[in-house]
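A.B. asks: got a predicted structure plus its sequence, pasted below:
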Amino acid sequence: MNEFRESLLVRVEQAEQAVRRAVEQQDEYAAEVHSADLANLRRLAAEHGVAVPAPREG
């Protein structure tokens, strides 16, 4: 696994966790900010042919 792909996947997982935490804490602003970050990371992954697994439940 190359470094770019690995780093990108870690950042996607971190953003997903941040969205979940914000939702759990009912922080709509943080959830929106982290969701936008996640969308950008997923777009970047798609542009570079990096397959991003579906978000984990829970």
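C.D. replies: On my side now, so go ahead.

A.B. asks: how about low-confidence regions in this protein?
C.D. replies: For the chain, the stretches with pLDDT under 70 are 1, 57-58.

A.B. asks: what segments of it are helices?
C.D. replies: Listed in chain order, the helices of the chain (DSSP state H) span residues 3-24, 28-47.

A.B. asks: for residue 55, find the nearest of those.
C.D. replies: Of all the helices of the chain, it is helix 3-24 that lies closest to residue 55, at 5.1 Å by Cβ to Cβ. Any C-beta I mention is one placed from the backbone N, CA and C, and that applies to glycine too.

A.B. asks: and the contacts of that closest one?
C.D. replies: If you take Cβ atoms under 8 Å, 6 or more residues apart in numbering as the criterion, helix 3-24 is touched by 28, 30-31, 33-35, 37-38, 41-42, 44-45, 48, 50, 52, 55-56.

A.B. asks: which among those count as buried?
C.D. replies: Listed as buried from the contacts of helix 3-24 are 31, 34, 35, 37, 38, 41, 42, 45, 50, 52; burial here means 16 or more other Cβ atoms under 10 Å.

A.B. asks: as TSV, these with distance to residue 22 would be great.
C.D. replies: What follows is the buried ones among the contacts of helix 3-24, written out as TSV (distance: Cβ to Cβ, whole Å):
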residue	distance to residue 22
31	4
34	6
35	8
37	11
38	11
41	16
42	17
45	21
50	24
52	20
